[in-house]
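> coordinates for the following, if possible.
(2 chains)
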Amino acid sequence: MVVEDPRSIVKRWLEAESLLVVGKSVERADSIEKALGRARFVEDFFEEGYLVARLVLAKVPHARLRAIDYSRALGVPGVARVLTYRDVPGENQVGYAIPDQPLLAEGKVRYCGEPVAIVVGRNPDAVNEAVELVELDIEPLPALLDPLEAMERRDVLVHDSLGSNIAFRTRVRKGDVEEGFSKADVLVENTYRTHHQEHAYLEPEAALAIPDLENRITVLATIQYPHLGQRIVSRVLGTPASYVKIVAPYIGGGFGGKDDEGPLVAARAALAAYHLRKPVFLYYTREDSIQTHPKREAAVIRYKSGASRDGKLTAIEVTIIHDTGAYANRGPFILWRATMHSSGPYYVPNAKVDGYCVYTNKVPQGSFRGFGNPPIHFAVESQMDRLAEKLGMDPVEFRLANMLRPGSETLTGQVLESSVGVHEALRRLAAASSWRTKRQEYERSRTGRFRRGIGAAVAWHGNSTSRGVPDWSNAYIHVARDGSVSVYTGIVEMGQGSPSSSHRQLVAEILGCPADKIRVVFGTTDAPDSGATHASRGTSVGAIGIVVAAGRIRSRLESFLSEYYNVERERIRMSGGQVVVDGEVRMSWEELVALAYTKGVDLSATGYFFLPKGAFNDDVGQGFAYPAFSFIAVIAEVEVDTCTGGVRVLEVHPALAIGRVINPEAVKTQVEGAVLQGIGYALMERLVFSPEGRIVNDNLTDYVIPTSHEVPVIRDPIFVEDLWEFGPFGAKGVGEMAFIPMPAAVANALSHALGARITELPLTPERVYSVIKQISGG
Amino acid sequence: MYYKLPRIEYYRPKTLEEAVRLLEEVEGSKVIAGGTDLLVDMKTSRAKARALVDVNSIAELRGVEDLGEVVRIGAATKLQELLESPIISENLPLLRAAVESMASWQIRNMATIGGNLCNASPAADTAPPLLAYEAELVIAGRGGLRTVPITKFFTGYRRTALSPTEVLKDIIVRKSEWTGWGYIKLGRRGGFTLSVVAVAALARVRDGVIEDVRIALNSVAPTPVRAYRTEEALRGREVSRDLLEKVARTVVDEISPIDDVRSTAWYRREMSYRLALDALTEALGVK
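Numbers count the residues shown, from 1 in each chain, chains lettered A, B, ... in the order given. Alright, predicted model coming up:
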């Protein structure tokens, strides 16, 4: 009997034992070509003779846009065309959450760096010159740069028609906070501030749009969700989606930035190619990229929490304000996620949380590894340390006493029946890192110029999209007659490695074929819509479809073999490229495929899997928030130079509860990258805005990110394999995880070293030094 | 692909005379050495030039020589060559320490010491040690050679005593018996970065008395600067921790830092004191 039902297939492989490929550190498929420089990125597909394009960016933060005069730009020899909102044949509307954002400014400009026009020419020199000659006829308007001010203002509106600068609100009402606080023996109340972060990917945004004879268009783009790019291009051009093909070749880093900007860069290139009927290559310079694309959420968080003497949280009251900049972009989703995670991975009986996504005349807020969770965890985990301190408890013990376990109810009242391994993760981590010993040792030696501290932070992160927002996985697999296997997925390869490692491993495990026979065709709209490569879902959700498709083919082959050899299926083993019946090798994978082709076995399959979700009540923020949560605990050790305020992270110990680990090495690299990116955010990265709201440090000399000098000792992660029932072999997401607790862990370690707490990021030497001066009375 | 050099004329003279003649004759021409600052600036339109005169093929501009009483460094000598030169290690350890903190191996193999000085950034890393050593700069121009002390070389923010038709030829450092040195660079990260403040200190101590001392800083004024008054307050005095802590504060009165993307004026003042104290502690051998 052939099993085609997705749920049954997912369950079968969740429960599979004695795995041969899954769980092993199989080498990535792309390592050699990347090491040799042969891997091709968007710009590598540029050919001599293609037109080139560049954006004209607004230089004012807020103004009415009366007219755009590009006559002088057109006069530059080599310039082919200048495109503005007037040239958009479909809808000039690209807002993801709220329809508030034009592809090219129309009527108003709302931030310094907003794309106003596209200059297309035959060479970059001409285009560069012409970009400077496009003149905007504007009527300046007062600019709002502070979200707290913008919330209150009605006289100046970033979006006139909305009547308020609050783009979106969230709320949680659980239990009775007043009663909760009245039961508390200790209260902690603080305001936390976090800042923007630039993605600083190696490869800035680019798109190459190639029209064909029938006005169909192919766009190669730096994009994290090709099918979303297809929808946006189709909307902007007013053509059916089937006339648009999007391909993401290798991408030089995304981190969420190319989830927001990817479809837009694709649409702008497509718009130019549509009009000029020639291939057009659009590329952002580093400066253009930093000025224009959305950044990590800058947040103001007011947090009050209470706990009883026996170490139990009694209530939290939280206000989250996100500076979403000129456009909502994905701001509402980011705020939603931050709100529903605002308790941390702890049981909180009473909660009142309010979130505000506020417009200002600054660069928009957008997706960035952690998606709203790093700032809220900075607040939560700082609070937890303070509460523990007031209670006289060890911070790890206090956390463990409140931590979610199987059967616990989350902030939104969702009961997590299984896949909650965070308690064990933190417990094992504390032991492995000698937490208690070091904590005491550093406290005793809190004198002298260089002081050490050790801090813990724990984080949770819902897998898949929030609430009941539909999410699915899909893939197509085809086995050729020679036994080679093509896997088609819309998941992209931006360095994270899901198509290059885990996807291949899953297929090799399920089909029992050699891994080197498998080619994963990724990042294309020619594959079924597999959802975005974001939210740590490239494997966790993105590969469920691969499991289903491969599982179907496996089942068909088993069924065929059972008949062929006239034995029960249980006696047949397919693994490592061999078919074994009753312990005896009967044929190779290649022979099996060749035979199956002659016997009417269908060796092509799609694998659609629709994630089951539950109901959510937005009025009280209660209900089903996420199908599963990934968890992480980190312990960080820092050293602070009390004479300069300089902080160095010496050592980081991670422990993950992310379900099945498909490729330990791949997970380790994700952890290492996220740890370093988190250290950069916590200690040094800082966008500087001019009084007009323009980003001053729009290059990588002035905006510094960590280098190899800042890499601490990162211990091998501890894994708690708390399987998720729908994940591939039980896997959950990992890509964002290590970033989320890092700012909090570093801040907690620093507080431990100094005996003083800083509630604003980044922890630059200036800021730390000024606190040291205050506490030493200097 | 938009980071393209504009169309320019390019000359690569073999002699200093030819270089000077080109600078005089070719309108809008500029000297290029390593190009690690200039080319980036030209590609991003921060610097403009119609023609570049490349001095890398002028043999006499390259290399480090021990001439007995002085060390001569050709202006087009690569930073990495300085790092690997035994003459520099032996005679100019303070300069070596500064070069070691600069950029990456790749950049150090392109960038030159003369370029670092002529670019005249307030953050120039080779400037504080050379100011402390009181290097003499030999400049070639139409009238032949002239010598300018480095203390007179930086005339303002990104301005030098060089005229547009002159070429920096040599950096000459007189050997002297320094008994100690100290160099500290504070950046926003551990390496590959511009300084927030850097301090270089040289000292000669005899029988516990400070015979001579020199202190220079970068990134705290429109040009790299010497802290003369602090030096004066130390000279002739007996080495002691108390003296240092008191006198190092004077540094703050000799600088005029600003707020910028890298730091604040306040923090730079605080750190100028702290780094001067630390560098002097090292240089004077204070326990």
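
> can you tell me the SS state at the residue in the stretch 1-150 of chain B that chain A sits nearest to?
Relative to chain A, the nearest point of the stretch 1-150 of chain B is residue B:2 (4.9 Å; CB to the nearest CB). (Each C-beta comes from the backbone N, C-alpha and C, glycine too.) Classification of residue B:2 by DSSP: H, G, I helix; E, B strand; the rest coil places it in coil.

> what sits against it?
Going by CB atoms under 8 Å, 6 or more residues apart in numbering or on different chains, residue B:2 touches A:54, A:124, A:127-128, A:283, A:285.

> please apply the same query to residue A:671.
A:654, A:656, A:714, A:717, A:734, A:737-738.

> pick the one among those closest to chain B.
Looking across the contacts of residue A:671 and measuring by CB to the nearest CB, the closest to chain B is residue A:714, at 16.1 Å.

> so residue A:55 touches residue A:269, yeah?
No. Using CB atoms under 8 Å, residue A:55 is not in contact with residue A:269, being 10.6 Å away.

> give me the more crowded residue out of these two.
residue A:269 (31 against 24; other CB atoms under 10 Å in any protein chain shown).

> okay, and the more buried one sits in which element?
In the assignment (DSSP states H and E), residue A:269 maps to helix A:257-276.

> so how far is that helix from its chain's centroid?
Chain-centre distance of helix A:257-276: 21 Å, with CA atoms, centre = their mean, to the nearest Å.

> run me through the strand neighbours of the helix or strand just after that helix, direction for each.
With elements assigned by DSSP H and E, the helix or strand that comes after helix A:257-276 is strand A:280-283. Using DSSP bridges, the strands paired with strand A:280-283 are strand A:51-57 (parallel), strand A:206-211 (antiparallel).

> may I have the last one as CSV, with CA atoms only?
Coordinates of the C-alpha atoms in strand A:206-211 are reproduced here as CSV (Å, rounded to 0.1, in the frame of the first residue of the first chain):
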residue,chain,number,x,y,z
ALA,A,206,21.1,43.7,-6.9
ALA,A,207,18.7,42.5,-9.6
LEU,A,208,19.1,41.6,-13.2
ALA,A,209,15.8,41.7,-15.2
ILE,A,210,15.7,40.1,-18.6
PRO,A,211,12.6,40.5,-20.7
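
> if we can go back for a sec, contacts with chain B among the contacts of residue A:671, please.
Filtering the contacts of residue A:671 for proximity to chain B by CB under 8 Å from any CB of the partner chain leaves nothing.

> pick the one among these closest to residue B:152.
Residue B:152 has its nearest neighbour among the contacts of residue A:671 in residue A:714, at 50.3 Å by CB to CB.

> can you pull the contacts of residue A:66?
Counting by CB under 8 Å, 6+ apart, residue A:66 makes contact with A:137-139.

> now do it against chain B, distance only.
Noted for residue A:66: a distance of 28 Å to chain B, by CB to the nearest CB, to the nearest Å.

> name the single longest strand found in chain B.
Counting residues, the longest strand in chain B under DSSP state E turns out to be strand B:195-206.

> and for residue 21, the neighbour number?
This is for chain A. Residue A:21: 21 surrounding residues under other CB under 10 Å.

> switch to chain B, please.
Here the count is done by other CB under 10 Å, and residue B:21 has 16 residues near it.

> next one: phi and psi at it?
phi -60, psi -40 (degrees, to the nearest 10).

> quick one: the helices in the stretch 1-150 of chain B, in order.
B:16-25, B:38-43, B:79-84, B:86-91, B:93-100, B:105-108, B:113-118, B:127-133 (DSSP state H, counting those that start in this stretch).
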